[in-house]
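1. generate a structure from the sequence data that follows.
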Amino acid sequence: MDEARWIFQEILKLPPTDWPHICIMTRTNPQNKQIWNGVRSHNETLPPDRRLPFTMIDQFQLFKRQESKDVIAFLRLLIHKNDTISLTRILKRFSSRIGSRTIMAIESPSYHQLGIRLTDFIDPSAHTFHDPFGLLLHALEQERIVVFDVESTGTDIIHDEIIQIAAIRLNTQGRTAEKFTAYVRPSRSVGTSFYVHHISDEQLARDGKDPRIILPALLDFIKDGVIVGHNVTYDLSILHSELRRLHIPAPAGLPYYDTLDLFRRFYPNLPNHTLSFLSTYFALDDKPSHDAFDDILATAALLRYAIRQHIRPQTGQRCAAMAIYLPLFRPVSQEMQQLYRQSYVKRPYEMISAVMNDCRIKEYYEKHADRTDGENHIDRIENIRRLYRVAQETDSPDKDPRDCLNEFIQMTALSNSELDSLLEKKPQIPIITIHQAKGLEFTYVFLAGLQEGTFPLSRSQSGRELEEEKRLFYVAVTRAKKRLYLSWHRQDGSHRRQP
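-> Numbers count the residues shown, from 1 in each chain. Presented below is the predicted three-dimensional model:
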């Protein structure tokens, strides 16, 4: 703890602008945890806006644990509603009414040919209409289908900005009844995205409108609509993120259908499912061009094709097939909808707490104590608490809760090789082992725990093993580009240490 305090105080002496270029490094994970506990305890004495941005990269191993994957499966399903893999994991472990036979029956060719997926059984509209496409057909009859697309300055939904919007409201025949189109003036250059959409900064300066005027007008056009788009989850996510950044009230969870998803269901063996390929393959009159309006006309043509060829003709068969198992899924559907609503207002770490307490995870591990590959259930629950702390420490309170949840899920899927880009994107002070630091460089490196028995390890007092410790030490000291700090502690509990 004294060593961690010394490191913490030395870092405080450095300019805050240098904090993203600092690394704390140790030989072993236990040393990492000791240093982490030490610097965190000192960090918590500071006001929140002055705390140092520490992160322990050992958390990536935490993400790979069974209990972490269980929690993350719930979180992923909140962002990706068609994530069959996550739902299967949840059902097999935490649903008492739905077994492997039910899942196998729904995943069989007879159900897939009707365009039915496992995730349809937790869709609330499927429980209302007894058909995953019931809401789509109902909205079409009421002229409430809105086909929607945006072009943007890039593909980062959290930081990029919308530059063009196009939307059409369809009549009962699936043809254009009303349209909404606008260029939007961003606060940044379009950069290399120009080569995708061919909309220049000059054009936007001339024709672009203030997003604070255009986006509320779009919401008024969309009102009461069911959204359709091709890869529409991207368009809805960037819209939601920009609305929140501009402090414009954003609707939570607009109902939507994705033509990309529809054609993957009905034509799973096609070489690809891009809008361009599908429009050509099915010889549709409307073709996309990366102009948002052209793209929504092509999307509307795809929708008409899917409804005519598959959705309407198979309605009776789908309703009959859904009716067999739909009642079994009602509790899971209601549970996921409650979490979904919460995800728009609660922080990611609060969602982890909700999943742990409300979705029977704690109860499951207590019931299966020490029967799940020998792990103690207390340790598993503690690991979920660690996951909570990681989400809390990496949260950005100034960002939208759904944006942060998306970022957290992306972080849990990172491999160690992607660590470097993570640190560049969200500057932090990593506490890592030397093995985790290979290939990375930092301006300042704190190499801690240089006492006999820790580094070098106690088992490597001579021969080849000592040579390996020397090699690792060389790797460690050469991570520093400007300044290297070496530290050790004299006592650990009752054990005396030598440098």
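
2. so for the longest helix along the chain, what's the average pLDDT?
-> Longest helix in the chain by number of residues (criterion: DSSP state H): helix 315-342. Helix 315-342 carries an average pLDDT of 95.

3. run through the neighbouring helices and strands of it.
-> When contacts are defined as 3 or more Cβ pairs under 8 Å, 6 or more residues apart in numbering; DSSP states H and E, helix 315-342 packs onto helix 66-79, helix 100-106, helix 124-129, helix 348-358. Bear in mind the C-beta positions are built from the backbone N, C-alpha and C, glycine included.

4. now the element after the longest one, going C-ward?
-> When you say that, I think you mean helix 66-79. helix 84-94 (DSSP states H and E).

5. mean confidence score for that following helix?
-> For helix 84-94, the mean per-residue pLDDT is 93.

6. that one packs against which elements?
-> Going by 3+ Cβ pairs under 8 Å, 6+ apart, helix 84-94 lies up against helix 66-79, helix 100-106, helix 361-367.

7. if you count neighbours, what's buried in the very next helix or strand once past the last one?
-> When you say that, I think you mean helix 361-367. Downstream of helix 361-367, the next assigned helix or strand under DSSP H and E is helix 377-393. Buried residues in helix 377-393, counting neighbours by 16 or more other Cβ atoms under 10 Å, are found at 377, 380, 381, 383, 384, 386, 387, 388, 390, 391, 393.

8. can you check stretch 234-252 too?
-> Across stretch 234-252, burial judged by 16+ other Cβ under 10 Å covers 234-245, 250.

9. and if you look at stretch 491-499?
-> Along stretch 491-499, these residues count as buried under the neighbour rule (16+ other Cβ under 10 Å): residue 492.

10. how long is that stretch from one end to the other?
-> The straight-line separation of the ends of stretch 491-499 (Cα to Cα, to the nearest Å) is 11 Å.

11. quick one: contacts of it?
-> Contact partners of stretch 491-499, identified using Cβ atoms under 8 Å, 6 or more residues apart in numbering, comprise 450, 451, 452, 453, 454, 488, 489, 490.

12. so can I have TSV of those residues showing distance to residue 133?
-> TSV is the format used below for these (distance: Cβ to Cβ, whole Å):
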residue	distance to residue 133
450	64
451	66
452	69
453	66
454	62
488	66
489	65
490	70
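
13. closest one of the residues you listed to residue 259?
-> Closest approach to residue 259 among these (Cβ to Cβ): residue 454, at 58.1 Å.

14. just to check, that closest one is in contact with residue 28?
-> Yes. Using Cβ atoms under 8 Å, residue 454 is in contact with residue 28, at 6.9 Å.

15. between those two, which is the more surrounded one?
-> Of the pair residue 454 and residue 28, residue 454 is the one with more neighbours under other Cβ atoms under 10 Å, namely 20 against 15.

16. for that one, what are its contacts?
-> 27, 28, 31, 497.

17. now with 6 Å?
-> The neighbourhood of residue 454, defined by Cβ atoms under 6 Å, 6 or more residues apart in numbering, contains no residues.

18. could the helices and strands packed on helix 315-342 go into a markdown table alongside mean pLDDT?
-> As requested, the helices and strands packed on helix 315-342 are arranged in a markdown table below (pLDDT from 0 to 100):
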| stretch | mean pLDDT |
| --- | --- |
| helix 66-79 | 94 |
| helix 100-106 | 95 |
| helix 124-129 | 96 |
| helix 348-358 | 93 |
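
19. of those, which is nearest residue 51?
-> helix 348-358 (15.9 Å).

20. in the closest one, what counts as buried?
-> 348, 349, 350, 351, 352, 353, 354, 355, 356.

21. closest to residue 268 out of these?
-> Residue 268 lies nearest to residue 355 out of these, by Cβ to Cβ, at 31.0 Å.

22. so what's the residue count around the residue nearest to that closest one when sequence neighbours are not counted?
-> Nearest non-adjacent residue to residue 355, counting by Cβ to Cβ, 6 or more residues apart in numbering: residue 74, 4.5 Å away. When neighbours are counted by other Cβ under 10 Å, residue 74 registers 24.

23. by mean pLDDT, flag the weakest helix or strand of this protein.
-> Every helix and strand of the chain was ranked by mean pLDDT, DSSP states H and E. The lowest is helix 419-425, at a mean of 55.
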